[in-house]
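Colleague: Everything below, folded, please.
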Amino acid sequence: MGFPGTWMTESESVVYRVVPKCACSTIGQIMFYSDHGTFYDGDVHDATEGMHKWAMEESQPIIEANVHEHKSYAFTAVRNPYTRVLSSFFDKICGIQRNGKRYRGNLVPLLIQKYGIEVGAPEDDFAFDQIRSFRRFLLFARDTIRFRRPMDPDIHWTSMSGHISTFIHNGGSYDHIFHIENFNEGMQVVLDNIKTRKKVNLEKIPRFNESEGHGPKRAHPVEAYFDDLSMHLVREIYKRDFDLFKYDYENPGNKMPTAEIDLDEVHKKLGP
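Modeller: I've put the predicted structure just below:
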């Protein structure tokens, strides 16, 4: 199976396991900058040169050799499951994508038809009942993950532990996993442990939120979207994420982690 979702700098200074909706655009741009002294011109997910990615066939043997020998510092980042699944909804379901179209073509019409979800449109300034639609989306997300219907689950709302575990299962191990809620502190630990071709000053790095501005703005505080049933669904889908990455299930309004991540526990519970 190899190392899907793994990026590495050209200089092999650092290896990163991408977790969707966890600041991966910003992290990828920092990696690119650390080698080249400039940011990638465009969405770093589209970059086909200047860094190694598992999705590029020619990079695979280089990444594989590096990870199996643990030649470079390896890390990933996580996010509160409540804010992550909300972000997936607003970006992937409600938002217009980089190509000017809806995400995955027929996905939104399917959700409108089968789950009664509304998403609004740029023409009506995305006017719709966000809370009702989001809760219906959660049912859909749960159905894709638990029952693989009406489609297979999407990488943007599958659990973080699922993404992170493939790296361990296939022979990798992490040196660091940080919470994006404490982004600068977490990313600084990575930079302090690697040698970069170009100096990176995190205080001056912009945030690359490629999904921003292409869909509706969140109209309510996070906790307003989650009633008892929604919290139950989130618990059902992301229980392992809350437990392993130390987030507060009881209070959707508290996005901050409750403790440090125990790397040994992550390797033990997500390993083969």
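Colleague: mind listing the helices in the stretch 151-272 of the chain by residue range?
Modeller: 160-169, 183-192, 228-245, 263-270 (DSSP state H, counting those that start in this stretch).
Colleague: Kindly compare burial across those and name the winner.
Modeller: Highest mean neighbour count of those: helix 160-169, a mean of 19 (counted as mean count of other C-beta atoms under 10 Å). Backbone N, C-alpha and C define where each C-beta goes, glycine included.
Colleague: Packing partners of it?
Modeller: strand 14-17, strand 73-78, helix 228-245, helix 263-270 (3 or more C-beta pairs under 8 Å, 6 or more residues apart in numbering; DSSP states H and E).
Colleague: residues making contact with that helix?
Modeller: 1, 3-6, 17-20, 22, 67, 74, 76, 78-79, 81, 84, 155, 174, 177, 238, 240-241, 244-245, 266-267, 269-272 (C-beta atoms under 8 Å, 6 or more residues apart in numbering).
Colleague: between that helix and helix 228-245, how many degrees?
Modeller: Calculated by axes from the mean of the first three to the mean of the last three C-alpha atoms, to 10 degrees, helix 160-169 forms an angle of 30 degrees with helix 228-245.
Colleague: Skipping adjacent residues, who's closest to S13 in space?
Modeller: I194 (4.8 Å; C-beta to C-beta, 6 or more residues apart in numbering).
Colleague: mind listing the strands for the stretch 101-250 of the chain?
Modeller: Secondary structure of the stretch 101-250 of the chain, counting by DSSP state E, counting those that start in this stretch: strands at 176-179.
Colleague: hang on, the earlier thing: reformat the helices and strands packed on helix 160-169 as CSV; add distance to Y115.
Modeller: Shown next, in CSV, are those (distance: least, C-beta to C-beta, whole Å):
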stretch, distance to Y115
strand 14-17, 31
strand 73-78, 28
helix 228-245, 13
helix 263-270, 31
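Colleague: Of all the helices of the stretch 151-272 of the chain, which one is nearest S13?
Modeller: With C-beta to C-beta as the criterion, S13 lies closest to helix 183-192 of the helices of the stretch 151-272 of the chain, at 9.7 Å.
Colleague: okay, that closest one in CSV with CA atoms only?
Modeller: Below are the C-alpha coordinates for helix 183-192, written out as CSV (Å, rounded to 0.1, in the frame of the first residue of the first chain):
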residue,chain,number,x,y,z
PHE,A,183,0.0,26.0,15.0
ASN,A,184,3.1,28.2,15.4
GLU,A,185,4.3,26.3,18.5
GLY,A,186,3.7,22.9,16.9
MET,A,187,5.3,23.8,13.6
GLN,A,188,8.2,25.5,15.3
VAL,A,189,9.1,22.1,17.0
VAL,A,190,9.3,20.6,13.5
LEU,A,191,11.6,23.5,12.2
ASP,A,192,13.8,23.3,15.3
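Colleague: SS state for the residue lying closest to S59 once chain neighbours are set aside?
Modeller: Setting aside the residues directly before and after it, S59 is nearest to H52 in space (C-beta to C-beta, 6+ apart), at 3.9 Å. Three-state assignment for H52 (DSSP: H, G, I helix; E, B strand; the rest coil): strand.
Colleague: about what we covered before: reformat the helices of the stretch 151-272 of the chain as JSON lines; add distance to Q130.
Modeller: Converted to JSON lines, those look like this (distance: least, C-beta to C-beta, whole Å):
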{"stretch": "helix 160-169", "distance to Q130": "24"}
{"stretch": "helix 183-192", "distance to Q130": "26"}
{"stretch": "helix 228-245", "distance to Q130": "13"}
{"stretch": "helix 263-270", "distance to Q130": "33"}
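Colleague: So which of those is nearest D124?
Modeller: Using C-beta to C-beta, those put helix 228-245 closest to D124, at 25.2 Å.
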